[in-house]
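Q: Quick one, structure for this:
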Amino acid sequence: MDTAATSLSVEIGGYRVAADIGGTFTDIACLSPTGQLVTRKVPSTPDDYARAIIGALDSLGADLGITGDSFDEVLHASTVATNAILEGKGARTALITTRGFRDVLELRRIRVPRLYEPLYEKPAPLVPRRLRFELTERLDATGSVLTPLDLAEIEALAEQIAGLDIEAVAICFLHAHINPQHEQAVADILRKRLQNCFISVSHEVLPEIREYERTSTTVANAYIGPAVATYLRSLAERLKEREITGRLLMMQSSGGTLDIESVIAKPATVVESGPAAGVVGAAHLGARAGYPDIITFDMGGTTAKAALIEKGQVLSTDEYEVGGGISLSSRLVKGGGYALKLPVIDVSEVGAGGGSIVRVDAAGALKVGPHSAGAVPGPVCYDAGGTEPTVTDANVVLGYLNPDALAGGAVPINSAASRAVFERQVADALGCGMHDAAFGVHRLANIAMMRAVKAVSTYRGRDPRDFTLFAFGGNGGIHAVALARELQMKRIVVPPAAGVFSAVGLLFANFEVSRSAAFLKRAGLDTFSAMISTFEKLQKDVVAELADAGAKLTWKADLRYAGQAFELPVEVPHGLDAEATLKVIRERFEEEHVRTYGHALTDVPISFVTLRVVGAIAPPQTGSLALDAAPTPGTGSVRPVYFGSEQGLFDTPVVARADLQDTPRPGPFIIEEYEGTTVVPPDASAWRDRYDNIVIEFLTSEVAA
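A: Below is the predicted model:
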């Protein structure tokens with residue numbers, strides 16, 4: 001068995017295992033105390049997501065000869081929270097708000113995803129109007145009480161809600177982020193009267209300005225709360241049945257892990273759990289391997305995702321929307337879903353994955369996605385009942401995928417079925433050859449995925465040509481080179497265990513806690529003491545929860561020019577005097593403003609909006625990791641592969657990652673591994689660096705647009 005040394009290990013007393021649930025496959029990465037990495041890719045089980053995890057762990061334990069008590073830690077990323085929103089299967093939720101404000105969820109912001117579509121319909125609120133209740137109370141913008149609460153009114157409302165079969169209640173009052181007194185009083189009463197209800201309170205979920213975003217986030221937190229709690233507690237119990245009693249941690253949207261009880265209390269923090277894990281792993285490996293500026297490209301079976309890492313730092317945002325059929329970066333499409341204003345890695349996601357369904361519409365136009373064949377029935381080649389051609393079927397027709405089996409032979413496929421369905425449903429309808437039809441699907445999928453890459457780069461003032469494309473996911477290596485060519489990017493890196501890299505990324509995520517507070521003051525010497533005092537209070541709360549004096553603490557602030565409507569985040573130094581601190585804050589803000597908007601207003605005052613403290617505990621790490629890399633059945637063979645009408649069919653060798661040397665090998669060739677496939681076309685070359693990454697570069701100095 002071939003193994004390859006990398007620098008990605010974590011040294012602890014026992015095994016650590018990570019599980020990432022995707023729409024089509026569940027990926028498992030298990031790290032031994034000696035640094036050996038073992039991976040598994042198994043079909044997801046949408047009817048019971050935990051079943052795939054438990055089955056994979058049973059298989060791992062048997063193969064490694066270990067029992068459940070050998071696992072010190074289980075790390076998890078899941079789409080359970082996202083799916084509850086996307087599928088409309090969350091809890092029956094009520095909203096309690098200030099009198100006159102129950103329609104905030106309907107009014108939203110004046111944003112629509114498609115400006116010139118008169119028939120556009122907003123997504124239905126997660127809480128219908130009949131379950132949105134008002135209480136007589138009012139605070140002003142400073143938090144002073146204008147209208148006190150009526151306790152009798154609260155008791156009457158609690159009794160009314162008790163008779164409505166409500167599973168979760170969201171509480172959001174105007175200006176509660178300044179003074180939570182009224183919200184806390186109502187929450188205390190409801191928690192006593194409605195003990196089986198999940199209670200979500202805005203000052204606990206999002207103590208920041210903007211009532212729509214605060215209301216929407218608090219409601220989403222309530223809506224997914226029971227589903228997340230049920231899932232995580234069930235998973236914990238099933239692990240316990242197998243004597244797996246080590247820590248169970250969940251990946252947050254921000255890129256840090258958290259214990260499940262904290263996640264259950266605030267489940268909105270894990271809505272983008274899955275996409276975050278791979279980005280964290282990319283930042284970790286990129287920093288070690290000398291690639292500090294990266295655009296990640298994660299293509300799975302259902303979606304493709306992109307994120308940006310600059311100078312080793314993952315770019316984050318607190319503007320996110322989920323819903324409207326798919327999770328969307330607010331920078332890509334605004335107004336398309338439900339607003340979540342929580343720290344999240346800025347991941348843009350489009351409905352283009354291996355399972356994306358291909359069709360020819362009535363006008364004869366080729367369409368790819370956003371609907372997916374998912375894990376069940378899956379692509380036609382899986383022989384599991386699928387009848388509609390998919391992107392994976394196109395890649396089988398083109399010869400990019402092994403014609404007999406995937407996942408090292410574990411998933412047999414029927415390539416003849418892919419060819420037949422493409423000939424019948426796509427090529428005949430388009431009036432072209434089967435290979436040209438499949439290549440058209442391949443290119444169309446790439447064009448859709450360009451939108452995701454541009455959303456985190458071009459739309460944020462970055463040029464993709466200045467970055468390395470870091471490709472992973474089960475289909476990332478198949479599409480990465482063609483995508484980079486379209487974007488004129490010069491280098492592609494495919495990491496070890498690329499097909500399960502999101503699971504690998506979980507192993508290197510920090511344990512992370514954050515706290516924030518509204519701070520609506522001008523930046524200046526007169527407000528400096530108040531700013532420091534607020535940061536110190538937030539830091540005290542973070543340190544208390546982490547219970548680790550050695551945690552890394554980061555201060556952040558959201559700032560804007562006086563008169564601006566929206567803000568930009570910057571890191572705040574601590575330990576400097578007042579004048580030096582304010583000078584650095586201003587410089588960092590203006591640098592970010594120039595990068596984002598192209599200019600700075602050097603004579604305009606800046607104002608704080610939100611202060612935030614993030615505490616992180618890094619996992620213990622050593623210098624090497626050994627990845628099991630058994631040869632797949634296809635390596636050493638040659639098969640015909642189609643690279644477009646200009647280049648045609650090539651008899652293309654199939655190799656293993658270990659066959660690559662540290663000098664470039666010209667294409668075409670295909671690299672097959674247990675977790676995925678990488679396509680190196682005729683106009684590119686590839687080599688293997690000291691960290692076992694596949695590095696692909698174009699043979700010509702200028703990449704064609």
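Q: Make sure I have this right: Ala81 is in a helix.
A: Yes - assessed with DSSP: H, G, I helix; E, B strand; the rest coil, Ala81 lies in a helix.
Q: Distance check, the residue lying closest to Ala352 once chain neighbours are set aside against His442.
A: Nearest non-adjacent residue to Ala352, counting by Cβ to Cβ, 6 or more residues apart in numbering: Ala448, 4.2 Å away. In this view, the C-beta of every residue, glycine as well, is placed from N, C-alpha and C. Counting by Cβ to Cβ, to the nearest Å, the separation of Ala448 from His442 is 11 Å.
Q: Which one's more surrounded, these two?
A: Between Ala448 and His442, His442 has the larger neighbour count (other Cβ atoms under 10 Å), namely 23 against 18.
Q: contacting residues for the more buried one?
A: Going by Cβ atoms under 8 Å, 6 or more residues apart in numbering, His442 touches 391, 394-395, 398, 479, 482.
Q: what's the distance between it and His371?
A: 18 Å.
Q: Output the residue ranges of the helices in the stretch 501-650 of the chain, listed in chain order.
A: Taking DSSP state H, counting those that start in this stretch to define them, one finds helices in the stretch 501-650 of the chain at 501-506, 525-546, 578-597.
Q: Can you give the strand pairings for the helix or strand that contains Val679, parallel or anti for each?
A: In the assignment (DSSP states H and E), Val679 maps to strand 677-680. Sheet pairing of strand 677-680 (DSSP bridges) gives strand 669-672 (antiparallel).
Q: Mind listing residues that contact the strand it pairs with?
A: Outside strand 669-672, the residues touching it (Cβ under 8 Å, 6+ apart) are 400, 402, 477, 494, 632, 634-635, 639, 641, 652-657, 660, 677-680, 686, 694.
Q: Show the average pLDDT along that strand.
A: For strand 669-672, mean pLDDT rounds to 94.
Q: now stretch 71-86
A: Rounded mean pLDDT across stretch 71-86 is 88.
Q: Same question for stretch 269-284.
A: Mean predicted confidence for stretch 269-284 is 90.
Q: do the same with stretch 606-620
A: Averaged over stretch 606-620, pLDDT sits at 92.
Q: do stretch 318-330 as well
A: 63.
Q: try stretch 183-197
A: Here stretch 183-197 scores 96 as its mean pLDDT.
Q: which residues touch that stretch?
A: Here stretch 183-197 has contacts from 96, 135, 149, 151, 154-155, 158-159, 161-162, 166-169, 171-173, 176, 199, 201-203, using Cβ under 8 Å, 6+ apart.
Q: Which ChimeraX command selects the buried ones in those?
A: Selecting only the buried entries of these in ChimeraX, with 16 or more other Cβ atoms under 10 Å as the criterion:
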select :96,135,149,154,158,161,166,167,168,169,171,172,173,176,199,201,202,203
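Q: can you tell me which of the contacts of stretch 183-197 are in strands?
A: 96, 135, 168-169, 171-172, 199, 201 (DSSP state E).
Q: Mind putting those residues into CSV with distance to Pro128?
A: As requested, the ones in strands among the contacts of stretch 183-197 are exported to CSV (distance: Cβ to Cβ, whole Å):
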residue, distance to Pro128
Ile96, 14
Leu135, 18
Ala168, 14
Val169, 14
Ile171, 17
Cys172, 16
Ile199, 19
Val201, 21
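Q: Need the max-distance pair from the residues you listed.
A: Greatest spatial distance in the ones in strands among the contacts of stretch 183-197: Leu135 and Ala168, 17.6 Å, computed using Cβ to Cβ.
Q: Tell me where the model's unsure across the stretch 1-150 of the chain.
A: Residue ranges of the stretch 1-150 of the chain with pLDDT under 70: 1-13.
Q: Would you agree Arg132 is in contact with Leu105?
A: Yes - if you go by Cβ atoms under 8 Å, Arg132 and Leu105 touch, sitting 7.1 Å apart.
Q: Pick out whichever of those two has more residues nearby.
A: Taking other Cβ under 10 Å, Arg132 and Leu105 do not tie; Leu105 has more neighbours (25 against 22).
Q: can you pull the contacts of the more buried one?
A: Counting by Cβ under 8 Å, 6+ apart, Leu105 touches 95, 125-127, 132, 212, 215-216, 219.
Q: Looking at the residues you listed, spot the one nearest Asp603.
A: Minimum distance to Asp603 across the contacts of Leu105 is 32.1 Å, recorded for Tyr212 (Cβ to Cβ).
Q: nearest spatial neighbour of the closest one, skipping sequence neighbours?
A: Val104 (5.4 Å).
Q: Over to Val456?
A: Nearest residue to Val456 in three dimensions, chain neighbours excluded: Leu308, at 4.4 Å (Cβ to Cβ, 6+ apart).
Q: Quick one: distance of the helix or strand where that neighbour lies to the chain centre.
A: Assigned by DSSP H and E, Leu308 falls within strand 304-310. Distance of strand 304-310 from the chain centroid (Cα atoms, centre = their mean, to the nearest Å) equals 10 Å.
Q: Which elements pack onto the helix or strand that it is followed by?
A: Using DSSP H and E, the next helix or strand after strand 304-310 towards the C-terminus is strand 313-314. Other elements packing on strand 313-314 under the criterion 3 or more Cβ pairs under 8 Å, 6 or more residues apart in numbering; DSSP states H and E are helix 273-289.
Q: Strand 304-310 and whatever helix or strand comes next after the helix it packs on, what's the angle between them?
A: Note on helix 273-289: by DSSP H and E, the next helix or strand toward the C-terminus is strand 294-299. Strand 294-299 and strand 304-310 are oriented at 170 degrees to each other (axes from the mean of the first three to the mean of the last three Cα atoms, to 10 degrees).
Q: strands paired with the strand holding Leu308, and their directions?
A: strand 294-299 (antiparallel), strand 313-314 (antiparallel), strand 348-350 (antiparallel).
Q: got these as CSV, with mean neighbour count columns?
A: Formatted as CSV, the strands paired with strand 304-310 follow (neighbours: other Cβ atoms under 10 Å):
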stretch, mean neighbour count
strand 294-299, 29
strand 313-314, 16
strand 348-350, 26
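Q: Indicate which one of the ones you listed is closest to Leu342.
A: Among those, strand 313-314 comes nearest to Leu342, with 15.3 Å by Cβ to Cβ.
Q: Just the helices from the stretch 51-200 of the chain, written as ranges.
A: Using DSSP H, counting those that start in this stretch, helices in the stretch 51-200 of the chain cover 80-86, 104-107, 151-162, 181-193.
Q: Now tabulate these in CSV and tack on distance to Arg586.
A: Output for the helices of the stretch 51-200 of the chain, formatted as CSV (distance: least, Cβ to Cβ, whole Å):
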stretch, distance to Arg586
helix 80-86, 38
helix 104-107, 34
helix 151-162, 46
helix 181-193, 35
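Q: Quick check: which of these has the most neighbours on average?
A: Counting by mean count of other Cβ atoms under 10 Å, helix 80-86 has the highest mean neighbour count of these, with a mean of 23.
Q: From the contact counts, what lies against that one?
A: Counting contacts by 3+ Cβ pairs under 8 Å, 6+ apart, helix 80-86 is packed against helix 211-241, helix 273-289, strand 320-322.
Q: Tabulate the ones you listed in CSV, adding columns for mean neighbour count.
A: What follows is the helices and strands packed on helix 80-86, written out as CSV (neighbours: other Cβ under 10 Å):
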stretch, mean neighbour count
helix 211-241, 22
helix 273-289, 26
strand 320-322, 25
